[in-house]
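Visitor: here's a sequence, model it:
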Amino acid sequence: MKLTDGNYRLGPSTGRLLIKTSRTGLGRKAGHDLTIEATRWSGNAMVVVGDPEKSSVTVSVETGSLDVREGTGGLKPLTDADRAEIKRTLGGETLLHTAQHPVITFRSTSIAGTPQSFEVTGDLTIKGRTHPVTIHGVTDGGALLNGWATVTQSAWGIKPYSAFLGALRLADEVRIEFAVTELKPVPGPGPGQASA
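Guide: Below you'll find the model as predicted:
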């Protein structure tokens, strides 16, 4: 399916949204680099192929839906108990405060480039704080979208996880990756089209 003008629905049925962490500190060999997936998220992309600046993207992620999918490195494999503990830590008072801040949102402010290679700049709101983020994206034949952004946790008031008196720490920067494997048009008129 070629990317054409229109509104497209985004979510777990159309692709994946991942957060990838890395380790730092003297004890980094003991920890794991994590791949965390958002399992409940939704978004909308309004695409104007001939004029990307008129396009827009919005995404909402439920903070309580973040699940650990993989842990690489470390002195021993990541267990189910480890995954459950990480999920509790993510939602707790030191990291995302999911009870007070149940949703992370992104709203584009500008889009530049071509359908094959583009940058989306927008406002990312986490824990009630909003800062600009730039997403770098590419398409595969106009049908599959892939991209990434780097987020510095402390800018949003998130203290990176640490253990062993700080000898093992998650790096402040995390990488957010997305892969859209299917495009689902939203019924109705596309951008710039009048409804009947």
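Visitor: need the pLDDT of the closest residue to Ser22 other than its chain neighbours.
Guide: Distances taken as Cβ to Cβ, 6 or more residues apart in numbering put Ala171 closest to Ser22, at 4.7 Å, once the chain neighbours are dropped. C-beta: built from backbone N, CA, C; applies to glycine. Model confidence at Ala171, given as pLDDT, is 85.
Visitor: return the residues in contact with Ala171.
Guide: For Ala171, the contact set (Cβ atoms under 8 Å, 6 or more residues apart in numbering) comprises Thr21, Ser22, Arg23, Thr24, Pro160.
Visitor: which of these has the weakest pLDDT?
Guide: Lowest pLDDT of those: Thr24, 72.
Visitor: before we move on, back to that, top of the contacts of Ala171 by neighbour count?
Guide: Counting neighbours by other Cβ atoms under 10 Å, the top entry in the contacts of Ala171 is Thr21, with 21 neighbours.
Visitor: contact partners for that one?
Guide: Listed by Cβ under 8 Å, 6+ apart, the contact partners of Thr21 are Asp33, Leu34, Ile36, Leu170, Ala171, Val174.
Visitor: specify the local secondary structure of the spatially closest residue to it that is not a sequence neighbour.
Guide: Here the nearest residue to Thr21 in space, its sequence neighbours aside, is Leu34; by Cβ to Cβ, 6+ apart that works out to 4.5 Å. Look at Leu34: counting by DSSP: H, G, I helix; E, B strand; the rest coil, its state is strand.
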